[in-house]
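>>> here are the coordinates; sequence isn't available:
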């Protein structure tokens with residue numbers, strides 16, 4: 001019979017106890033069902049592994065979130081292990097993030113869209129695993145279009161005409177709060193996305209041309225932004241110039257708008273069992289810029305990254321693997337209409353049954369407009385800030401589109417250190 005000393009037994013108990021478990025903090029947003037789905041997936045991982053998870057909720061506005069992350073990571077903050085980063089941030093934050101290729105098997109990485117993996121790779125290091133992707137979409141009140149025998153608009157002029165027609169008729173019938181169109185008009189990254197879509201739809205290079213030259217100040221740019229400014233107070237409420245995604249969705253969901261520009265997540269929210277618009281909403285590609293234009297949707301999406309200051313990077317990376325794997329992405333697609341980054345899910349019958357529009361979304365993804373993070377490099381946030389400020393000023397009537405774009409051109413030249421040619 002083998003006898004063990006009390007000290008040895010105690011040592012074995014300590015070694016085998018849950019003390020080996022660690023706590024991982026993940027920062028994930030709360031737009032739409034984002035927070036709830038993040039929490040349920042992370043808690044499932046915690047149950048499986050014996051680790052615990054804490055949640056950090058960052059600001060909804062992406063630019064505020066970026067600067068918070070930059071401040072925390074720049075100071076070597078170790079409290080947050082896993083960050084949710086925008087598709088435009090890998091090059092900006094990559095130096096603070098671990099190389100996930102050290103923790104994620106190659107076969108898992110290869111399940112995702114190669115273009116997103118390329119986007120998340122900085123100097124050969126994979127600094128973010130794709131979590132979900134995004135493109136701008138047009139939402140419309142199917143019931144109202146049917147009532148007025150109106151077609152889903154395929155160009156922006158048609159949208160404006162249909163919006164004012166239904167808006168006027170409905171107001172005459174007593175619905176004084178109804179507007180034709182809501183979008184993201186506040187001065188933040190969401191407005192950069194919207195404005196790039198408007199400009200690209202008409203064939204304008206939103207910020208830089210193919211050679212990398214500044215391309216923000218042309219008669220076409222001024223015409224397009226001036227036309228959009230004309231929507232404010234006519235088919236869009238004046239307060240739209242302070243709207244983010246949630247504001248737009250709330251206005252649309254309570255029945256105060258005919259059309260809305262938003263991301264795919266809104267589909268699940270609008271069709272939830274407790275939504276007043278369940279079954280009354282349609283979704284379509286964004287309109288073209290007239291007969292010679294195209295449908296242009298800005299590419300969005302979010303990744304999960306591990307801080308290099310994490311005390312437990314291997315465990316944090318395991319959480320990231322779980323959060324971005326096929327089964328978790330499938331749940332998110334079905335319950336929250338978040339676009340998967342795993343190619344095979346676009347042929348999954350259960351996904352397509354829950355979100356039929358995903359059957360055709362690959363075309364939109366392939367033709368999406370990418371923000372110029374490659375051209376602007378580490379100066380992108382300075383460039384986009386000046387861009388959304390100029391567009392917002394135009395929308396609120398603080399200067400003409402031409403004057404604001406000329407000023408913007410000079411500002412971008414200063415940011416890039418390029419001497420003005422005029």
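Cool, got the structure. It should be emphasised that the depicted structure is a prediction, and the values quoted were computed from it without experimental measurement.

>>> list the contacts for residue 235?
Residues counted as contacts of residue 235 (C-beta atoms under 8 Å, 6 or more residues apart in numbering) are 160, 163-164, 167, 179-181. In this view, the C-beta of every residue, glycine as well, is placed from N, C-alpha and C.

>>> what about the residue nearest to it when sequence neighbours are not counted, distance to residue 162?
Of all residues not flanking residue 235 in the chain, residue 180 sits nearest, at 3.4 Å (C-beta to C-beta, 6 or more residues apart in numbering). Applying C-beta to C-beta, to the nearest Å, the value for residue 180 to residue 162 is 8 Å.

>>> what do you get for residue 134?
25 Å.

>>> ok, the contacts of residue 235 vs residue 116, which is closest?
residue 181 (30.1 Å; C-beta to C-beta).

>>> and the closest one, helix, strand or coil?
strand (DSSP: H, G, I helix; E, B strand; the rest coil).

>>> What of the one 5 residues further on?
Local secondary structure at residue 186 is given as coil here, using three-state DSSP.

>>> If you rank the contacts of residue 235 by neighbours, which is first?
Highest neighbour count within the contacts of residue 235: residue 181, with 28 neighbours (other C-beta atoms under 10 Å).

>>> Against residue 324, how distant is the closest residue to that one other than its chain neighbours?
Leaving aside its chain neighbours, residue 181 sits nearest to residue 259 (4.5 Å; criterion: C-beta to C-beta, 6+ apart). Distance, residue 259 to residue 324, by C-beta to C-beta: 33 Å.

>>> Same question for residue 25.
17 Å.

>>> more neighbours, those two?
residue 324 (27 against 19).

>>> who's in contact with the more buried one?
Applying C-beta under 8 Å, 6+ apart, the residues near residue 324 are 129-131, 304, 341.

>>> What of residue 401?
Here residue 401 is in contact with 221-223, 225-226, 229, 394 (criterion: C-beta under 8 Å, 6+ apart).

>>> From residue 233, how far off is it?
Counting by C-beta to C-beta, the separation of residue 401 from residue 233 is 16 Å.

>>> cool, residue 201 as well?
For residue 201 relative to residue 233 (C-beta to C-beta), the value is 22 Å.

>>> With neighbour numbers in mind, choose between those two.
A direct count of neighbours by other C-beta under 10 Å for residue 201 and residue 233 places residue 201 higher, at 22 against 15.

>>> For the more buried one, what are phi and psi?
Main-chain dihedrals, residue 201, degrees, to the nearest 10: phi -60, psi -30.

>>> if you skip the residues just before and after it, what's nearest to it?
Here the residue nearest residue 201, using C-beta to C-beta, 6+ apart, is residue 289, at 3.5 Å.

>>> just residue 282 next, same as before
residue 142 (4.2 Å).

>>> wouldn't the one you found be in contact with residue 280 here?
Yes. Counting by C-beta atoms under 8 Å, residue 280 is a contact partner of residue 142 at 5.7 Å.

>>> mind checking how far residue 22 is from residue 314?
Applying C-beta to C-beta to residue 22 and residue 314 gives a distance of 10 Å.

>>> Neighbour count for those two, which is higher?
Between residue 22 and residue 314, residue 22 has the larger neighbour count (other C-beta under 10 Å), namely 16 against 12.

>>> Name the nearest residue to that one, sequence neighbours excluded.
residue 312 (4.7 Å).

>>> Buried residues, the helix or strand hosting residue 72. List them.
According to DSSP states H and E, residue 72 maps onto helix 62-74. Burial within helix 62-74, assessed by neighbour count using 16 or more other C-beta atoms under 10 Å, is assigned to 62-63, 65-66, 69, 72-73.

>>> Would you indicate which residues of the helix or strand following it are buried?
Later in the chain than helix 62-74, the nearest helix or strand by DSSP H and E is strand 82-86. Within strand 82-86, the residues that count as buried by 16+ other C-beta under 10 Å are 82-86.

>>> which among these gets closest to residue 108?
residue 82 (16.4 Å).

>>> Distance of residue 321 relative to residue 343?
Distance from residue 321 to residue 343, by C-beta to C-beta: 18 Å.

>>> The two: which is more packed in?
Taking neighbours as other C-beta under 10 Å, residue 321 and residue 343 compare with residue 321 leading, 18 against 13.

>>> That one contacts residue 108, doesn't it?
Yes. Counting by C-beta under 8 Å, residue 108 is a contact partner of residue 321 at 6.7 Å.

>>> Return the distance of the nearest residue to residue 86 once chain neighbours are set aside relative to residue 381.
Counting by C-beta to C-beta, 6+ apart, the nearest residue to residue 86 once its immediate chain neighbours are dropped is residue 62, at 5.6 Å. Residue 62 sits at a distance of 10 Å from residue 381 (criterion: C-beta to C-beta).

>>> Let's see the pLDDT reported for residue 412.
Note on residue 412: pLDDT of 97.

>>> three-state assignment of it?
Residue 412 ends up helix, using three-state DSSP.

>>> ok so residue 375 is a strand residue?
No. Under three-state DSSP, residue 375 sits outside any strand and is assigned helix.

>>> and residue 55, what helix or strand is that in?
Under the assignment here (DSSP H and E), residue 55 is part of strand 52-56.

>>> Next up, the contacts around residue 351.
330, 333-334, 340, 345, 358.

>>> let's see 7 Å
330, 333-334, 345, 358 (C-beta atoms under 7 Å, 6 or more residues apart in numbering).

>>> I'd like the next helix or strand past whichever strand or helix holds it.
Using DSSP H and E, residue 351 falls within helix 349-354. Proceeding N to C from helix 349-354, the next assigned helix or strand is helix 361-366, under DSSP H and E.

>>> And for residue 109, nearest residue in space, chain neighbours not counted?
residue 117 (6.2 Å).

>>> pretty sure the one you found belongs to a strand, no?
No. Applying three-state DSSP, one finds residue 117 to be helix, outside a strand.

>>> That one contacts residue 108, doesn't it?
No. Contact status for residue 117 versus residue 108: not in contact, 10.8 Å apart, counting by C-beta atoms under 7 Å.
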